[in-house]
Every structure is written in structure tokens, then in C-alpha cells.
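Trainee: using only what follows, build the 3D model:
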Amino acid sequence: MPVSSASMNAAEAIDAFSRAAELNLSESHREASIVRLPAYGQGVMTGDLHGHKKNFEKLQKYAMLDRVSARHVILHEIAHAELDSRFVDHSHELMLRAAQYKCEFPEQVHFLQSNHELAQLTAYPIAKNGRAVIEDFDNSVGQAYGGAHAAEVLAAINQFIASFPLAVVTQNRIWMSHSLPNTYDMKEFDFSIFQRPVTMEDLQKNASIFSLVWGRRHTREHVDKLAEALGVDTFITGHQPQEMGYNFMFDRLIILASDHNHGTFLPFDLSKTQTAEELVRNIRKFVAIS
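Mentor: You can find the predicted model right below:
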């Protein structure tokens, strides 16, 4: 099992983030900015994690990737947790554990670019419950590794984030991304971002990538048009808070949340066609994993 982040020094953390970044870019399922999963095995999609270690541990326990080689876990929005009793954002610790998970199972663990990770990477100002989350995150990394090494660790985290794909797609026509572009952004939305490698300049300036990870305003007609344009039937996303763990909209959009005690995840068969309603019936709660 990976070494816990508490006992790792800065050099070990930097190595884990850097190796995970390289593995994200070189994995066999990756095509440009998309991961295309095979037509066999099982996918396990999560919602936003925001540093929720307990749910991540339950996910690992459920997935048993060491025993099930055809199972794929999709992670996103790991960064920027609520402050703990010491007023520290501990989510960099979960990011490290996720990077270690990738290193241990390089062809089975996959990531999605998200708005909080993208904001962390690009220093885009973002607030969570009225606080400056990037500053909190950076300060926590400094406390964990010391001021002399904090900049190097943060640079390795940024390398890791920059390697994330934009979407994961299955052969049974399921699309997974952190969110979907807003309805009013569709006229200018550039679908070519899914057909080429994403550069750092794209991550910093591309309006379509920004809309993809930040979008929250959707309609049935809009989602139907997106499905047609992307050649899929069902979308599974996160991004939008869900008090009871998930929501099902427009007969084809499933929204998951994994960052609280009612959090959920969605295991599904990669080998057969499934309706959105069938997928919804597969949603599991983390509290059910003992």
C-alpha cells in the first residue's frame, strides 16, 4: 500500500505527483484530451470529493483494483476541502493519495479536469463559503512541507493537475466530465478541445475548457444537442452540490456528489447498453460501504 502523506517528505511527494502526471498522459486509454474506456469490465464514477478522505477510502475498499483488473475508477474535484479544527485545508493530502493510487494502478485510475483544480493550477480567484481557497490550500502545503519546499511541491501538484483529461467516454455511449458547458456558451463552444492534446495555454485561456468545468446552466434541449454532437446517450457529472448525493435531470444527466456523508458513487457495466434510468438504479452511497 502507498505510504501515508504524513510520513512522506517533499521529495517523495514531488516524485509521486510527477510520476502520476506522466502516467495520466501516457496511459493506453488516452486519446488527446479524452480517456476512452474499453467495452468490458466496470466503470466507477464519483462526484466531487473536496478532500473527503473517508469516502475515498471507502471507494478504494469497494473498487479492490488489486483484484479486479478490468475495473476503472474516475476521480475529480479532489482539491479544496472545508477547513478542519486547525483551520487547515487538508485536501492536498488526498490529492497525494490519489496520485499514489494512479501510480499503483496506472491503467485503472483516471482523472477529470475540474473547476477547483483548474483554478488552483491557474491561480484563478475562487471562493468557497466566503474564503479564498487557493490561499488556504497553498498555506496548508507550506505547513506540511515547510516553506523551503512548498513551492516545489505546489509545482508538482500543478504538473499533476495539468495532466488531467477533459472527459472519460465509454463505448456504451456514456460521457463523464466534471460538468457541461452552459447553454449560453454553446454557440462559441469549440469541440476541437476533445480532439487534440490540451496545452498549458489552453488551460489558462481557453474559454471552452473554462465553460466545460464551470458550467451549471443547462436545459433539456441543450443537453440533448450536446448528446447528439458528442455521440453519447448519458452524461455523468459532478460540480453542482447535491444534498442527498445525486440528481437526475432531463432523462440523460446524472449529477453525483461524493464530498459529504450522503455522498454517492456510480458503478456500471462497460460491456452493455444501459439506459440512464438503469444507471441511476446503480448509484451507491458511501455510508453503505463498511
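Trainee: can you show me the strands along the stretch 101-250 of the chain?
Mentor: 109-112, 127-128, 131-132, 167-169, 174-176, 234-237, 246-249 (DSSP state E, counting those that start in this stretch).
Trainee: do you know which of those lies nearest Gly142?
Mentor: strand 131-132 (14.6 Å; Cβ to Cβ). In this view, the C-beta of every residue, glycine as well, is placed from N, C-alpha and C.
Trainee: so where's the protein uncertain?
Mentor: Filtered on pLDDT under 70, the chain yields the residue ranges 1-8, 85.
Trainee: what residue is smack in the middle of it?
Mentor: His76 (1.2 Å; Cα atoms, centre = their mean).
Trainee: leaving out sequence neighbours, find the closest residue to it.
Mentor: Leu112 (3.8 Å; Cβ to Cβ, 6 or more residues apart in numbering).
Trainee: how many residues are close by that neighbour?
Mentor: 25 (other Cβ atoms under 10 Å).
Trainee: distance check, it against Glu152.
Mentor: 26 Å (Cβ to Cβ, to the nearest Å).
Trainee: re the thing from before, nearest to Val287, out of the strands of the stretch 101-250 of the chain?
Mentor: Among the strands of the stretch 101-250 of the chain, strand 246-249 sits nearest to Val287 (Cβ to Cβ), with 13.5 Å.
Trainee: in that closest one, what's buried?
Mentor: Buried residues in strand 246-249, counted by 16 or more other Cβ atoms under 10 Å: Tyr246, Asn247, Met249.
Trainee: I'd guessed the last one sits against Thr219; true?
Mentor: No. Contact between Met249 and Thr219 fails when scored by Cβ atoms under 8 Å: they sit 9.7 Å apart.
Trainee: before we move on, the earlier item: got a list of what the residue nearest to the centre of the chain touches?
Mentor: Going by Cβ atoms under 8 Å, 6 or more residues apart in numbering, His76 touches Thr46, Asp48, Leu49, Phe111, Leu112, Gln113, Ser114, Glu117, Phe164, His178, Gly238.
Trainee: dihedrals phi and psi, it?
Mentor: When read as degrees, to the nearest 10, the backbone of His76 gives phi -160, psi 160.
Trainee: now for the residue nearest to His76: which residues touch it?
Mentor: Ile74, Leu75, His76, Phe164, Pro165, Leu166, Ala167, Val168, Met176, Ser177, His178 are the contacts of Leu112 under Cβ under 8 Å, 6+ apart.
Trainee: cool, Ala11 as well?
Mentor: Taking Cβ under 8 Å, 6+ apart, one finds nothing in contact with Ala11.
Trainee: hang on, it is in a helix, isn't it?
Mentor: Yes. Looking at Ala11 with DSSP: H, G, I helix; E, B strand; the rest coil, it is inside a helix.
Trainee: and for the nearest residue to Ala63 once chain neighbours are set aside, the neighbour number?
Mentor: Computed as Cβ to Cβ, 6+ apart, the closest residue to Ala63 that is not its neighbour in sequence is Val73, at 5.2 Å. Counted with other Cβ under 10 Å, residues neighbouring Val73 total 24.
Trainee: look at Val73 and give its secondary structure.
Mentor: Looking at Val73 with three-state DSSP, the answer is strand.
Trainee: could you double-check that it sits in contact with Leu49?
Mentor: No. Contact between Val73 and Leu49 fails when scored by Cβ under 8 Å: they sit 11.5 Å apart.
Trainee: now Val198: how far from Gly215?
Mentor: 17 Å.
Trainee: now swap in Ala32 and tell me
Mentor: Taking Cβ to Cβ, one finds Ala32 at 21 Å from Gly215.
Trainee: next one: Val73
Mentor: 24 Å.
Trainee: likewise Asn182?
Mentor: For Asn182, the distance to Gly215 - Cβ to Cβ - is 4 Å.
Trainee: the two: which is more packed in?
Mentor: A count of neighbours by other Cβ under 10 Å puts Gly215 above the other of Asn182 and Gly215, at 24 against 16.
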